[in-house]
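# fold the stuff below for me.
(chains A and B)
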Amino acid sequence: MTRILALGVFVLATAGVTHAQTVTLAPQVVIVNHSEVSSDFEFRGVGFGGALGVQRGRFQLDVQAFSAKANPRNPEVASQGFTVKEFDLRATYTVVPAIGVQLGASGRRATPDFAAQDVGFFRIGLISDNRLARLARVWVRGAYLLAPRFSGGGSAGFAFEIGVGTWIGTPDGRWGLRAEYDLQRIDRTVAGAGVPIQMLVGKVGAQVGF
Amino acid sequence: MARIRMIVALCLVVAVTQPLAGQQHPLVQQAEEAYAGLDFPAALQAALEAVRAGLSQEDLVRAYEVLAFSYSALDSNDAAVRAFQELIFLDPDREPDVARVSPRITSLYTSALGQVLVVRQLEVDSNSFIGGEGSVPIRFGVSRPARVVTRLLGQGVDMVVDSQLVAGTGGFRWDLLRDGVEPLPPGRYTMIVSAREGPNEFARNLPLEIRHQPVDTVPHLTSFPGYSILPEEESPPRDWRPLGIAFLTAGLGTGAALAIADDGLGGGWKTPAVGVSITALAAGVLTTLRRPDPRPVEANIRYNRLIADQLAQRNREIAEENAERRRQTLLTVVSTAAERGGQ
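Below you'll find the predicted structure:
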């Protein structure tokens, strides 16, 4: 988390000396739904996070992080909850208007250890980001998750994530509300046995542009 | 009271004895009535008495006219010609009315006119023009071929305006400039047109007035007639595209999320996805229903810029033209009256 904050401070500091760029900052309330192995091991929780974005020309860099406390939906099967912290990095290059290529990485850690799988991966995908007049944006993105790593070992065949979001704000882009939703599905296998992981994250918050 | 009566009586005497302005002298009237009654000796007698009586110029002209007509009627050609000559000197522009008098009289008048030198039909038209850019026509005629010299006197100016040999009618255009450069000062002038033929000389005066006025300047233009400024922004018609994009984006995202959700893991928690999708759709509806932002019209902007450039250029030209006009003078020449000169 300290590293995330340091990165955010660095981006904000460099934003003041660069030109023709937009910096956005969005504190968010986060709701998570984490499932592993089967629907019996489903955890839900609420937390807080933030998003920092820097756009310059066709390039956009987004850094997101959150921390949430997840509790089991079925206490009879899984009695212990956990705290999940996730860090996401996405770099986007707009190829044609509203369509961009997205590269990035992500890391998720659960506390206490082994309460849930720690996951790390790279991503490559596409994003369609559309500006609706000057008052709103909607985007949808999909990415293939590359080289996932798990604290419990194993590998993944199919690993994909889908996200959709919207922003509604002032015409100058300074103030706005932002809501987004991401779903990750990772078909993890360990020693030939399937232990899939599914993570759903909903975020809503304000966004300030500089 | 006696004094008042005396003053009234004096006024009456003066009123009766002084002929009114424009009233014909009794002798002239008597001569004309006698001529009209074909009593030519009586007309001759009355006209001769009138000529000797020292009349006004107008009465004298009429007296000599009756005299010339009567001599003509009595076949005294030489006397008639002499009377006509006097008449011509008195009023060179007066001619017998060919519709009323006999050809004999006209013939004798023409004979008399050919024997004297006079300047006739001296005319100047009132005119206004910018100094150096116009002129006024001066027209005249002479009864015999002669050199005609035109001089101008007044306001400290004594200059020869024109000199030419004239037979019949002549004239010239006068630019009202001194030395061909400077406009003549404003004020009253006398133009003297002198005709000389050997020992004979005749001159006529023409009183003139020259006025100065500043030349009107041209107002600057704020627009060209018929070319109005076009609006540089226009409100586009309602656009349903934002709603379509929002619908597609939300549908694609939510649909894909639900499609890849693992049923074995509970099929995914649908509430956040639905919530975000509804928010995206709301954003699409909001932006669609909102009045579209005005957008610039490039063609109109270029057109307005062109009009503005043309206006600026024309106003620069007007400014230069006005600067020139402020240095110019509008000259007006007016003929006040034609007067006879002497031989």
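# what are the ranges of the strands in the stretch 1-150 of chain B?
B:119-124, B:127-130, B:136-142, B:146-154 (DSSP state E, counting those that start in this stretch).
# which helices and strands sit right next to the first one?
Think strand B:119-124. Under the contact criterion of 3 or more C-beta pairs under 8 Å, 6 or more residues apart in numbering or on different chains; DSSP states H and E, strand B:119-124 touches strand B:136-142, strand B:187-197, strand B:200-214, strand B:329-335. C-beta: built from backbone N, CA, C; applies to glycine.
# the longest one: what's the following helix or strand?
In this case it means strand B:200-214. Per DSSP states H and E, the first helix or strand lying C-terminal to strand B:200-214 is strand B:233-234.
# in the helix or strand following that following strand, what counts as buried?
The C-terminal neighbour of strand B:233-234 among helices and strands, as given by DSSP H and E, is helix B:241-260. Within helix B:241-260, the residues that count as buried by 16 or more other C-beta atoms under 10 Å in any protein chain shown are B:242-243, B:245-250, B:252-254, B:256-257, B:260.
# so which of those is the closest to chain A?
The nearest member of those to chain A, counting by C-beta to the nearest C-beta, is B:Gly253 at 2.7 Å.
# got a list of what the closest one touches?
A:Val140, A:Ile162, A:Gly163, A:Val164, A:Tyr181, B:Ala273, B:Val276, B:Ser277, B:Ala280 (C-beta atoms under 8 Å, 6 or more residues apart in numbering or on different chains).
# make sure I have this right: B:Thr279 is in a helix.
Yes. Counting by DSSP: H, G, I helix; E, B strand; the rest coil, B:Thr279 is located in a helix.
# measure B:Thr217 to B:Gln328 for me?
10 Å (C-beta to C-beta, to the nearest Å).
# go on, A:Pro72?
For A:Pro72, the distance to B:Gln328 - C-beta to C-beta - is 102 Å.
# more crowded one of those two?
More crowded of A:Pro72 and B:Gln328, by other C-beta atoms under 10 Å in any protein chain shown: A:Pro72, with 20 against 14.
# the more buried one reaches A:Gly45, doesn't it?
No. Contact between A:Pro72 and A:Gly45 fails when scored by C-beta atoms under 8 Å: they sit 9.9 Å apart.
# could you tell me the phi and psi values at B:Leu74?
Dihedral pair for B:Leu74: phi -90, psi 10, per degrees, to the nearest 10.
# what's the burial count for it?
Neighbours of B:Leu74 under the rule other C-beta under 10 Å: 14.
# give the closest residue to it in space, chain neighbours not counted.
Distances taken as C-beta to C-beta, 6 or more residues apart in numbering or on different chains place B:Phe40 nearest to B:Leu74, at 5.4 Å, with adjacent residues excluded.
# give the contact list for the one you found.
B:Ala34, B:Ser70, B:Ala73, B:Leu74.
# what does B:Ser70 give?
Shown in contact with B:Ser70 (C-beta under 8 Å, 6+ apart): B:Ala31, B:Tyr35, B:Phe40, B:Ala43, B:Leu44, B:Ala47.
# quick check, the last one in contact with B:His25.
Spelled out, that is B:Ala47. No. Taking contacts as C-beta under 8 Å, B:Ala47 lies outside contact range of B:His25: 10.9 Å.
# now stretch B:115-124: buried residues?
B:Val116, B:Leu117, B:Val118, B:Val119, B:Arg120, B:Leu122, B:Val124.
# can you give me the end-to-end span of that stretch?
End-to-end span of stretch B:115-124 (C-alpha to C-alpha, to the nearest Å): 27 Å.
# over to stretch B:44-61?
Span of stretch B:44-61 from end to end, C-alpha to C-alpha: 14 Å.
# for stretch B:51-62, same thing?
10 Å.
# again, but for stretch B:30-42
Start and end residues of stretch B:30-42 are separated by 9 Å (C-alpha to C-alpha).
# tell me the buried residues in that stretch?
Within stretch B:30-42, the residues that count as buried by 16+ other C-beta under 10 Å are B:Gln30, B:Ala31, B:Glu32, B:Ala34, B:Tyr35, B:Phe40, B:Ala42.
# how about the nearest residue to the third one, chain neighbours excluded?
Using C-beta to C-beta, 6+ apart and skipping the chain neighbours, the partner closest in space to B:Glu32 is B:Val66 (5.7 Å).
# correct me, but the one you found touches B:Gln29?
No. Between B:Val66 and B:Gln29 there is no contact under C-beta under 8 Å: 10.1 Å.
# the two: which is more packed in?
Between B:Val66 and B:Gln29, counted using other C-beta under 10 Å, B:Val66 has the larger neighbour count: 28 against 15.
# okay, that one: pLDDT?
Per-residue confidence (pLDDT) for B:Val66: 90.
# one more: B:Ala338?
Value listed for B:Ala338 in the pLDDT field: 46.
# swap in the one 3 residues further on?
Residue-level confidence at B:Gly341 comes out at 42, pLDDT.
# got phi/psi on B:Ala308?
Per degrees, to the nearest 10, the backbone of B:Ala308 is at phi -60, psi -40.
# B:Arg314 versus that one, what's the distance?
From B:Ala308 to B:Arg314 the distance is 11 Å (C-beta to C-beta).
# check A:Val23 too.
From A:Val23 across to B:Arg314, the span is 50 Å (C-beta to C-beta).
# so between the two, which is more surrounded?
Legend: neighbour count by other C-beta under 10 Å for A:Val23 and B:Arg314, higher for A:Val23 (19 against 14).
# and that one, which of the three is it?
Put simply, A:Val23 is strand when judged by three-state DSSP.
# any idea what it is bridged to?
Beta-bridge partners of A:Val23, counted by DSSP bridges, are A:Val54.
# what of the one 5 residues further on?
Listed by DSSP bridges, the beta-bridge partners for A:Gln28 are A:Gly49, A:Gly205.
# please report the distance of the spatially closest residue to B:Pro145 that is not a sequence neighbour from B:Val81.
Among residues not flanking B:Pro145 along the chain, B:Ala167 sits closest, at 4.0 Å (C-beta to C-beta, 6+ apart). Per C-beta to C-beta, B:Ala167 is found 22 Å from B:Val81.
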